[in-house]
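Asks: Based on what follows, work out the 3D shape:
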Amino acid sequence: MNQELTKRILSSIILLPITFFLIIEGSFLFIIFIIICFFISVYEWNNISKKNKYNKIGYIFIFFSFLSIYNLRINIVDDSIFLLIVIICISTDIGGYIFGKVFRGPKLTIYSPNKTFAGMLGSFIFSILFMFIFIKYYDAPEPSIKIVLFILIISFISQLGDIIVSYFKRLANVKDTGNIIPGHGGLLDRIDGMLFVFPFSNIIISLNIL
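Replies: Numbering: from 1, shown residues only. Below is the predicted model:
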């Protein structure tokens, strides 16, 4: 196991329980948490987008994304649905990473060199797998065609968000958006998919489309 992977695992072991606790609590601490994450994200976006024309649009989108996170958790859904969305985004990353490393194969896009078609398939497989695990051990809605479809769409949007942020990192000629999380890079490197997933989820759940 290389040093970078060890850092990634250790930081995940520390950060994930704290994040899950704050989501479940859904209290004042959660609001403080997302405010801190918002300002870190803005800072990192500024570092990788100073010279491109989408700089201001990025700020607006990040603000809208965090507003969606707040609204979804505080005003619309309980902790189980919100936590399920977060876990699907995380499992999408894990599935993509594992399948991409193991099976390799053709690249998915030039904008994100590490993304492969095998990784994309792994992301979908892991998102469904973790959905069933979560539903089995947590008080969440029983799986249905609508739920499975929702999960697959979330996984797809999460992967798309990852690719979009990777595109801007390539424009800035940087590997990571920052170095705040050992083994992972910047905060935006970890939540890039979520920033796209939560506005979508906020709209879909609010309108009761799925």
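Asks: what's the span of stretch 176-190 from first residue to last?
Replies: 10 Å (C-alpha to C-alpha, to the nearest Å).
Asks: let me fix that: stretch 138-147
Replies: Across stretch 138-147, first to last residue, C-alpha to C-alpha, it's 15 Å.
Asks: Check which helices and strands the biggest helix by length in the chain is in contact with.
Replies: Using DSSP state H to define each element, the chain has its longest helix at helix 145-172. Identification of packing neighbours for helix 145-172 by 3 or more C-beta pairs under 8 Å, 6 or more residues apart in numbering; DSSP states H and E yields helix 28-49, helix 79-103, helix 117-137, helix 187-206. (C-beta placed from N, C-alpha, C; glycine too.)
Asks: For it, buried residues please.
Replies: For helix 145-172, burial by neighbour count (16 or more other C-beta atoms under 10 Å) applies to 147, 150-159, 161-162, 164-166, 168-169.
Asks: Next: stretch 86-103.
Replies: 86-100.
Asks: what do you get for stretch 40-54?
Replies: I40, S41, V42, E44, W45, I48, S49.
Asks: Looking at those, which is nearest N114?
Replies: I48 (17.1 Å; C-beta to C-beta).
Asks: Go ahead and confirm the closest one touches A172.
Replies: Yes: with contacts counted by C-beta atoms under 8 Å, I48 reaches A172, the gap being 4.1 Å.
Asks: Looking at the buried residues of stretch 40-54, which one is closest to G185?
Replies: Nearest member of the buried residues of stretch 40-54 to G185, counting by C-beta to C-beta, is E44, at 9.2 Å.
Asks: can you pull the contacts of the closest residue to the closest one other than its chain neighbours?
Replies: Nearest non-adjacent residue to E44, counting by C-beta to C-beta, 6 or more residues apart in numbering: T177, 4.2 Å away. By C-beta atoms under 8 Å, 6 or more residues apart in numbering, the contact list for T177 reads E44, W45, N47, I48, V165, K169, G185, G186, L187, L188, D189.
Asks: One more: L188?
Replies: S41, E44, W45, I48, V165, T177, G178, L195.
Asks: how about low-confidence regions in the chain?
Replies: Counting by pLDDT under 70, the chain contains low-confidence ranges at 1-5, 7, 139-141, 210.
Asks: and if we set it to 90?
Replies: Within the chain, the segments meeting pLDDT under 90 span 1-28, 47-56, 74-81, 97, 100-116, 133-147, 166-186, 189-190, 205-210.
Asks: Need the residue in it that's farthest from the chain's center.
Replies: Computed with C-alpha atoms, centre = their mean, the residue of the chain farthest from its C-alpha average is K51, at 25.2 Å.
Asks: so that residue, which of the three states?
Replies: Under DSSP: H, G, I helix; E, B strand; the rest coil, the three-state class of K51 is coil.
Asks: Can you report phi and psi for it?
Replies: Dihedral angles phi and psi of K51 (degrees, to the nearest 10) take the values phi -110, psi 10.
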